[in-house]
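Q: Structure here, sequence nowhere to be found:
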Ligand SMILES: Cc1ncc(COP(=O)(O)O)c(C=O)c1O
């Protein structure tokens with residue numbers, strides 16, 4: 001009997017970094033058995049620190065005090081209010097809690113936002129290099145991702161001019177920007193964000209702004225697209241700045257006309273975000289000091305990489321923010337996957353090949369994540385020097 005096949009929409013790409021991680025973990029286990037030097041993990045874009053203490057304490061209190069129940073589909077009112085307060089405290093912006101939607105990480109936010117804004121067959125401009133899940137989520141949803149290449153002429157930031165050119169070549173329905181960016185770490189200056197917001201408004205395009213790395217800027221000034229457009233759809237998360245990846249809680253800020261469509265989708269797709277994570281996340285905003293202390297670790301790691309990588313013939317793109325160094329490897333290799341595998345096997349360092357982020361130029365780059373601890377970063381640079389030097 002013929003068995004039914006999986007859908008075509010599920011035939012999306014895997015994350016190469018997950019393959020690197022699996023291989024790195026296997027080598028790490030072997031090193032433990034043989035007593036050899038372990039593997040240093042610079043491949044995963046994940047904070048090495050736990051969630052702030054007030055978050056963990058709030059979760060314990062909630063667990064001990066009773067029911068873990070469904071919440072409103074748009075999120076716990078107390079959390080939506082707290083996020084609204086964050087916009088006032090951090091950006092000086094007034095954002096009504098009614099426009100805030102709590103989501104399952106920013107990943108869940110993308111799915112809700114794309115479904116609410118765009119129909120099957122719509123076209124959205126996304127930055128290249130870029131976070132690979134954008135392309136893959138869009139493909140699964142039947143929305144066309146139009147890659148907009150960024151290069152040295154704009155310091156690898158997406159520009160209003162590039163959006164305009166892509167739209168003129170074949171009309172878009174939406175644009176997705178991200179700053180600070182993954183994998184590059186590049187920040188779009190406030191004037192650039194303003195130009196993109198104004199261009200999208202003039203062309204009648206939805207603007208989605210992925211602001212998940214906000215708070216993690218070391219050079220330059222970060223600006224929310226909300227400062228320039230009430231119509232922008234903002235995607236953010238507790239995962240990075242607040243070190244809460246596994247809690248799976250993020251948020252959207254959306255214009256009023258998207259609130260009810262998103263509520264209907266959220267009710268039906270997942271009912272709500274886990275209560276425990278939501279109640280705990282309210283307390284994240286009492287922990288800016290802990291988040292800033294973690295950021296200070298990243299800043300020290302960044303300084304180490306900033307000094308070592310160019311000297312090793314691995315010049316990074318501008319390391320403005322997030323916790324990534326995206327380095328040109330062309331002095332050493334023209335195959336980023338092979339280079340990453342060699343670095344793993346010969347130097348014991350796990351890094352991510354650029355091909356994950358950019359299918360045309362990605363062979364020229366690898367990404368180092370510096371979200372881990374300082375001693376690992378220092379040891380990785382020693383190993384890299386011995387390996388390449
Ligand atoms: C640019 C960017 N957006 C979104 C995400 C998804 O994060 P989460 O779903 O944990 O909020 C990531 C994760 O690495 C990312 O780098």
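A: Happy to help now that I have it. Given the structure is predicted, the values throughout are model-derived calculations rather than measurements.
Q: Buried residues, the lowest-mean-pLDDT helix or strand in the chain. List them.
A: Of the helices and strands making up the chain, the lowest-confidence element is helix 16-34, at a mean of 83, by mean pLDDT, DSSP states H and E. Neighbour counts over helix 16-34 (16 or more other CB atoms under 10 Å) mark 16, 17, 20, 21, 23, 24, 27, 28 as buried. Glycine gets a C-beta too; all of them are placed from N, C-alpha and C.
Q: I'd like to know how far the last one sits from residue 168.
A: When distances are taken as CB to CB, to the nearest Å, residue 28 and residue 168 turn out to be 50 Å apart.
Q: And residue 111, by the same measure?
A: 29 Å.
Q: of those two, who's got more company?
A: residue 111 (18 against 10; other CB atoms under 10 Å).
Q: Chain neighbours aside, what residue packs nearest to that one?
A: residue 137 (6.3 Å; CB to CB, 6 or more residues apart in numbering).
Q: part of a helix, is that neighbour?
A: Yes: with DSSP: H, G, I helix; E, B strand; the rest coil as the criterion, residue 137 is assigned to a helix.
Q: residues touching it, list them.
A: With contacts defined as CB atoms under 8 Å, 6 or more residues apart in numbering, the neighbours of residue 137 are 107, 110, 111, 114.
Q: In CSV, list these along with pLDDT, secondary structure and distance to the ligand.
A: Output for the contacts of residue 137, formatted as CSV (pLDDT from 0 to 100; DSSP: H, G, I helix; E, B strand; the rest coil; distance: CB to the nearest ligand atom, whole Å):
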residue, pLDDT, secondary structure, distance to the ligand
107, 97, helix, 3
110, 98, helix, 7
111, 98, helix, 10
114, 98, helix, 13
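Q: can you tell me which two in these are farthest apart?
A: 107 and 114 (11.3 Å; CB to CB).
Q: Have a look at these two and say which one is more surrounded.
A: Using other CB under 10 Å, the more surrounded residue of residue 107 and residue 114 is residue 114, with 23 against 16.
Q: distance of that one from residue 100?
A: Taking CB to CB as the measure, residue 114 and residue 100 are separated by 18 Å.
Q: One more: residue 277?
A: Here the distance between residue 277 and residue 100 works out to 16 Å (CB to CB).
Q: The least confident helix or strand of the chain near the ligand at all?
A: No: interface with the ligand: helix 16-34 contributes nothing (CB under 6 Å from any ligand atom), its closest point being 9.7 Å away.
Q: for that helix, packing partners?
A: The contact analysis (3 or more CB pairs under 8 Å, 6 or more residues apart in numbering; DSSP states H and E) places helix 16-34 against helix 336-342, strand 349-350, strand 352-353.
Q: How far does the helix or strand harbouring residue 193 sit from its chain's centre?
A: Element membership of residue 193, judged by DSSP states H and E, is helix 190-203. What separates the centre of helix 190-203 from the centre of its chain is 21 Å, taken as CA atoms, centre = their mean, to the nearest Å.
Q: And the strands in the stretch 201-350 of the chain, which stretches?
A: In the stretch 201-350 of the chain, the segments counted as strands under DSSP state E, counting those that start in this stretch are 206-210, 233-237, 250-253, 324-328, 349-350.
Q: so where's the stretch 201-350 of the chain uncertain?
A: Within the stretch 201-350 of the chain, the set of residues satisfying pLDDT under 70 is empty.
Q: Would you state the helices of it in chain order?
A: If you assign secondary structure with DSSP state H, counting those that start in this stretch, the helices in the stretch 201-350 of the chain sit at 256-269, 275-282, 288-311, 336-342.
Q: for these, which one sits closest to the ligand?
A: helix 275-282 (11.4 Å; CB to the nearest ligand atom).
Q: so that closest one versus strand 233-237, what angle?
A: For helix 275-282 and strand 233-237, the angle between their directions (axes from the mean of the first three to the mean of the last three CA atoms, to 10 degrees) works out to 100 degrees.
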